[in-house]
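Student: test case, fold it:
(3 chains)
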Amino acid sequence: MSQSVKFTIDDKQVSAPWGSNLLKVARENGFNIPSLCYHHKLSATGACRLCLVKIEGTRGLVASCTVKVDEGMIITAFDDELEQTRKYLLDYLLSEHNDSYDNTYSDELRDLMFRYGLNKPEDRFFKPIWQNLKFQPDKSSPVLTYDPSKCIKCFRCIKACDEVQGKNVLSFTDRGINSYIIAGNGVWGESECDGCGECIQLCPTGAIVEKPNREVIKLDKVARKIITTCPYCGVGCQIELLVQDGKIVRSNGVEGVSPNDGRLCVKGRFGYEFVHSTERLTKPLIKKNGEFIESTWDEALNLIASKFTSIKNEFGADALAGYASAKCTNEDNYIFQKFIRTAFGTNNIDYCTRLCHASTVTAMLKSIGDGAGSNPIEDFETTDCLLIIGNNIIDTHPITATYVKKGATKGQKIIVIDPKWTPIARYASIWLQPKLGTDVALLNGIVHVIITNGWHNINFIKERVEDGMEAFKVLEQLTSKYTPEYVEKITGVDADKIVLAAKLYAKAPTAMIATGMGMSQQVTGTNNVFCLLNMMLITGQVGRERCGIDPPRGQNNVQGATDVGCHPYMLSGYIPISDEKNRRKVADIWGIPFESMPSKPGLTTVEIVKAAHEGKVKGLFIMGENPMLTDPNLNHTEEALRKLDFLVVQDIFHTETTRFADVILPASTWAEKNGTFVNSDRRVLMVRKAVDCPGEAREDWKILHELAKRMGKPMPNYKDESEIFDELAMVTPILAGISHKRIEVHGIQWPCPTSDHPGTSTLYIDKFNTSTGKGKLFPVDYVEQNERVDSEYPFLLNSGRILYHYHSSTMSRKTKALRDFINQSYVLINPIDASKIKVNNGQKVVVRSKRGQLETFIKVSDEVLEGELFMPWHFSESQVNRLTRDELDPYSKIAPFKLSAVRIENPE
Amino acid sequence: MDVTTILKKYPKRRDSVIEILHEIQNHDPQNYLSEESLKKVATHINLPLAQIYGIVGYYSMLSLNPRKKFVIQVCKSPICGMLGSQSIYDAVKVKISARPDSANLFTIEKVECLGQCNQSPCMMINKEIYGNLTPQKIESIIEEIVISEQNAQK
Amino acid sequence: MIQEKRIALRNSGLINPESIDEYIQCGGYQAFAKALTMSPSDISEIIIDSGLRGRGGAGFPTGTKEKSTAQTCIECLKYIVCNADEGEPGTFKDRIIMETDPHNLIEGMLIAAWSVGASVGYIYVRGEYHLSIERLNIAIKQAEKKGFIGENILNTDFSFTLEVKPGAGSYLCGEELTLIESLEGKRGYPRIKPPFPAQKGLWDHPTLINNVETLANFAPIILYGADWYKSFGTSKSPGTKIFCLSGDVKRPGYYEVDMGITLIDLINEFGGGVNGNSIKSILIGGAAGTFASINHLNLPLDFDSLKEQGLTLGSGAVVVMNETRDLLEMLTSILDFFKHESCGKCIPCRLGTAQILNITERIQEMEPKERESTFINIIQQAEIMAKTSLCPLGQSPILPLKSLWVNFANELINKF
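Tutor: Have a look, this model is predicted:
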């Protein structure tokens, strides 16, 4: 920080770091200088001129938002002339402003209007001219309206979109008194605007206002404003929910806290509507004669307890299994795994992480010792080089992407590796487009280039890699055949590009890797990530700030659920089941006999399904998951679920899975409970209750708590969720220093071993978390995929997510704003292929693989290579996983969602 | 020249945008910038569409509205105005309406100072400047264009 | 009989503007060759010594600007930009230079570029100047061919590229920082000042930005020296100035004469006298200029003498109005121009230009008493605009308004 300087404002001595913004400093010191165009997140604009001050020695009046403070400045912030001038300017402004107000948004101009006594038209000097300007409101966006007659042309929306969100989709058009804001060609709904609503949040006058609840919300009737964590992806944005008449009516970003500093994406801002959906489950349902009949909690819980108990008695504890939920809180999940391990008495507990980053986590645990991102989210902006691989970061982690985009504008080098075009390619220095399933070859090629050019870091290898140069030699040997030319043949990526990517990454002062589902959801998922880790370790691009590897997590609490032990091989805090000492400690804290602590590693998700199919698992408890959409090879999953003796699904809605259940339990959304989530950068963040559960629905952990009691394994009577957290902190060394109280305002990044530890922003600074403290190289060879195209199935199908929907879209498709953006499945096909097989945009087709089929609509796009297709998998009416395989990655047991041979059939 | 050919001549840089837009407009048979053209420009220089529309909306020489083959821009600056530009403008209108067969040839606009004040009142037809105008001169200027166009048609 | 003193226009009309050989035959590029033998700082010293002041309108000392651009950083990338966005109504001198002697401008830019260490140059020409753009492009190609532009020019370390960039119809882009925004391919919004272009200009690099006429004086000054240049004009405004004479004169046109020529001499000796019975008013400096009356006819035309009388030289536009002209109509036309050209970024200019025009358009129908109070009011508005606006455009309407009121109040109040 710069040195402090002293100066005076209206005779008051003030000091601030040299170069600070004068308006900001003045306001912090109690000088309420008016301004409409200034916002602390944006560069100074100097447009409204209301913040004019006098500075001794400077001619005329100066806009304080454009001044940097300096030693000895003598500033006049308030005198008659300045106040008269400000009033005059406001009077001017009001003449072009439609000042009708409906109490649905906060209005900074209105506040100033009252402050300067201009609230009554008769007190204003200037006649209104706004009616003559003939502006037309733009109501075409699904999420917002723009009314030019309320627009004061302050540039805040434009800068919000550009400087804060990195999208830059807004501009003024025309000029002078006639200027107004446009998106795209002037029709907002047809523009590139993705609906994040940053412009709404920063608009000072209600020119841009959100559509949802516009008719309902009245700011003076808002009863509560609750700060909590967004329930969608793993960024963990802090949001403020406005509650009116017991319902959420608005969501705003919370300024000044990590990870989002007020920024939100379209889901975070508008995706809360599902909470109040009329389709919510509100009563326990028991299937009787094939139909779900409402029941009392007592009846449902007793039935469940007795059924599971009898299965356990008859077939043993391992005939039972549970799916935890990446959507639920740490407290819910902690209680869930405790329930499975105590009441069920098995380690058969897993959840959807097996389907996303299991391979990443497996490789990272083996190689560097932690299965979590090594850097804080802010590093995405400040690292010199970012390698984004198999990661559609703009659609899947929109707020992390804002940091990346900011970095790009400052000259950060961005390498994108993806078989499919994704929007981040627009910001990339270089984009490599390998054929599906050839990542190991490509990455070995990059490693080969690094080694042959001597760009590897020998000191780092010697000091921090297990077996040092010996291990390196093995890698060198193995990758020696992966010359750029050879790799070009396999991957289709130009040799030159491979060399350039290697150079950009290896030679950058600092470099980070952001790896996603494109890498992990393959049969070679673990090997893919090993290759990345090899590259990282030999170049030493880890162990320092702004260096490392980060797998941005897809779900709000996918990180936390594993952290707190929803894992078949590990207890809370990544401690293997086999660790007897830890088992003893945990049994002790749980107050159960050590012997009753299950010691045999359990089954993973896909294995649980297989075991059910084989009749080995007979009872299954699913909390907030939807395997009938998310699992690979759904036809097989369906058969397995049918074979179960007893299935309980605890959820907020009917899903594709609930119809197979014997009992459905109505649970709570994130807005109806207290607790914590852990985001992608290991930050433990508070979740707070905003509204009550609908009907008889209950908080998830309370259901489990009750059930445990009825199964004869009662848990302590927790006073509230903070007590649960305190217990989980005791059994989880990486979270030991955290409590609800400590994260009241700001989250803390684990590991945080003690209550005075500040948390850890960057991992591996001194050592890796492996047993030796060193990183491990895992050289692996490229093996051709088993799944190949042939004349019968000539296309390779890739699948993935899109911005507007989330997971199995049980939440997002219950929200009108998100449906309005997109509500139909499609398959992307390259224009050349489209003309070859004679299909057109919007045409309905059947996509078929050896395993199943679905119906969807054609979307012709050069975002995919020839011979490849892409489908979003959110749409239950076109279940992509009817097509995918359950051939698993041997190490992590992840399924290959990203590659299936298919054909396209015209249904007519 | 079509838009794609024009775009190939320019680097994919934002600072080429005004030149690009001029050239596309000048080559457009309707003397304007269509949505289709602007989308191609946006893609070429990797900018969101609103940025391109914003530029077109700002600069008065760029038009979003289709115009006829000959765009007659009569200067209405204070100097030309003082020396009778309104009568020139009126004369143009009268002349054009007197030749209905030429209605599809001309678009008339009033523009700010053309920097030809030594020959006020003045106007510009496409790139050509016409100065020291009188209503009589307008008559012959327009007539000449109409006839040469008709000859070209034959 | 007063003679023209052609320095900036020395070749105008004498040579074929599309022939570099003719330019060279007239001594062209000798000054540049000489400059390359001198140290860059010596050049800016000569320019400072010559007293040359910016001819775009502001009259800032040219050499000082050059020196500060040169000193911002030594080894960094710098730009030179020629402001050829001549949009001030009544002004066309830059066009004449570009159309009749483009190499003169290019040579001036080369000298200036060498003196500040700029390696890339742009000439930003208003888009309506088709002929200027065409001739400059021809001239640049010729200069490249002759080796005056390119790598290691004339076997020195100096390398330089030059490009013409068209505007597209915006008066405000003649303001230097707005021009830079436009050069970057953006909407023409003025930037916050400071930083000045000398510190942070095009793409945030130090940038020297000069008017066409200013640069057209560089070559002669380098060839003949500062003292020679100072022998023309007045002590505080040395050199010559191209005046653009228009309106009610018998011979409208451009005339390069000594700074300090009186208004009446300019009109009579060069303009051939008033067209009409008598002179009512003279608008000096264009729309952002001032209305002079017949009391000012003996005033010397230079930066400072005019300023003392509350008038402004501006770009050198001199618009003569005879006894039949309606000054209120003229004012309305000017205010309409400002409203049309206001970018809309800051409140005072966006609203001020619109509100003042609205009110002015109604003056015609008012009673004398109301007229007076209305004028006082719009002058007050224009003063607040001048005090609070972000850029020079909003600071301009006060100039014609106030000068008109000071010199013609009686007519404005009483004439119906």
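
Student: count of residues packed around residue 70?
Tutor: If you meant another chain, say so; for now it's chain A. A total of 14 residues lie near residue A:70 under the criterion other CB atoms under 10 Å in any protein chain shown. Every residue, glycine included, has its C-beta placed from N, CA and C.

Student: hmm, no, I was thinking of chain C.
Tutor: For residue C:70, the neighbour count with other CB under 10 Å is 22.

Student: what's the spacing between it and residue C:208?
Tutor: Distance of residue C:70 to residue C:208, computed by CB to CB, to the nearest Å: 8 Å.

Student: what's near enough to touch residue A:457?
Tutor: Applying CB atoms under 8 Å, 6 or more residues apart in numbering or on different chains, we find residue A:457 in contact with A:538-540.

Student: chain B: which of these is nearest?
Tutor: residue A:539 (29.8 Å; CB to the nearest CB).

Student: near chain B, which residues of the stretch 101-250 of chain C?
Tutor: Proximity of the stretch 101-250 of chain C to chain B (CB under 8 Å from any CB of the partner chain) is limited to residues C:126-131, C:165-171, C:182-188, C:244-248.

Student: so which of the residues you listed are in strands?
Tutor: The strands, defined by DSSP state E, take in C:165-166, C:244-247 from those.

Student: returning to what we had before: got any residues that touch both of residue C:70 and residue C:208?
Tutor: With CB under 8 Å, 6+ apart as the test, residue C:70 and residue C:208 both reach residue C:116.

Student: among the ones in strands among the residues of the stretch 101-250 of chain C next to chain B, who's most crowded?
Tutor: Neighbour counts for these peak at residue C:246, which has 31 neighbours (criterion: other CB under 10 Å).

Student: show me what it is bridged to.
Tutor: Beta-bridge partners recorded for residue C:246 (DSSP bridges): residue C:319.

Student: so what's residue 79 scoring on pLDDT?
Tutor: By default, I'm working from chain A. Residue A:79 is assigned a predicted lDDT (pLDDT) of 96.

Student: chain B, not that one
Tutor: What the model reports as pLDDT for residue B:79 is 96.

Student: hang on, isn't it packed against residue B:113?
Tutor: Yes. Between residue B:79 and residue B:113 there is a contact under CB atoms under 8 Å: 7.3 Å.

Student: what about the chain, any weak spots by pLDDT?
Tutor: You didn't pick a chain, so chain A it is. A:1, A:907-908 (pLDDT under 70).

Student: try chain C instead
Tutor: C:416.

Student: how about the strands in chain C?
Tutor: C:79-84, C:120-125, C:161-166, C:207-211, C:240-247, C:253-258, C:279-284, C:290-293, C:317-322.

Student: and chain B, by the same measure?
Tutor: With strands called from DSSP E, chain B shows them at B:70-75, B:106-111, B:123-125, B:128-130.

Student: distance check, residue B:18 against residue C:183.
Tutor: Note on residue B:18: its distance to residue C:183, by CB to CB, is 9 Å.

Student: now do the shared contacts for these two.
Tutor: By CB under 8 Å, 6+ apart, the residues touching both residue B:18 and residue C:183 are residue C:165.

Student: residue B:79 and residue B:113: which is more packed in?
Tutor: residue B:79 (33 against 29).

Student: what sits against the residue most central in space within chain A?
Tutor: For chain A, the residue sitting closest to the mean C-alpha position, by CA atoms, centre = their mean, is residue A:233 at 2.7 Å. Residue A:233 makes contact with A:267, A:396-398, A:552-556, A:806 under the criterion CB under 8 Å, 6+ apart.

Student: residue C:70: what's it in contact with?
Tutor: Going by CB under 8 Å, 6+ apart, residue C:70 touches C:40-41, C:44, C:115-117.

Student: give me the buried subset of these.
Tutor: When the contacts of residue C:70 are checked for burial by 16 or more other CB atoms under 10 Å in any protein chain shown, the buried set is C:40, C:44, C:115-117.

Student: may I ask which two of the residues you listed are separated the most?
Tutor: Greatest spatial distance in the buried ones among the contacts of residue C:70: C:44 and C:117, 10.7 Å, computed using CB to CB.

Student: residues from chain A in reach of chain C?
Tutor: So far as CB under 8 Å from any CB goes, chain A lies against chain C at A:44-50, A:52, A:60-61, A:63, A:66, A:85, A:88-89, A:92-93, A:95-96, A:126-127, A:129, A:152-153, A:155, A:171-172, A:175-179.

Student: can you tell me which of these are in helices?
Tutor: A:85, A:88-89, A:92-93, A:95 (DSSP state H).

Student: following the chain onward from the helix or strand containing residue A:408, which element is next?
Tutor: Using DSSP states H and E, residue A:408 sits in helix A:398-409. Scanning forward in sequence from helix A:398-409 by DSSP H and E, the next helix or strand is strand A:413-417.

Student: helices or strands next to that following strand in the packing?
Tutor: Under the contact definition 3 or more CB pairs under 8 Å, 6 or more residues apart in numbering or on different chains; DSSP states H and E, strand A:413-417 sits against strand A:385-389, helix A:398-409, strand A:430-432, helix A:495-507.
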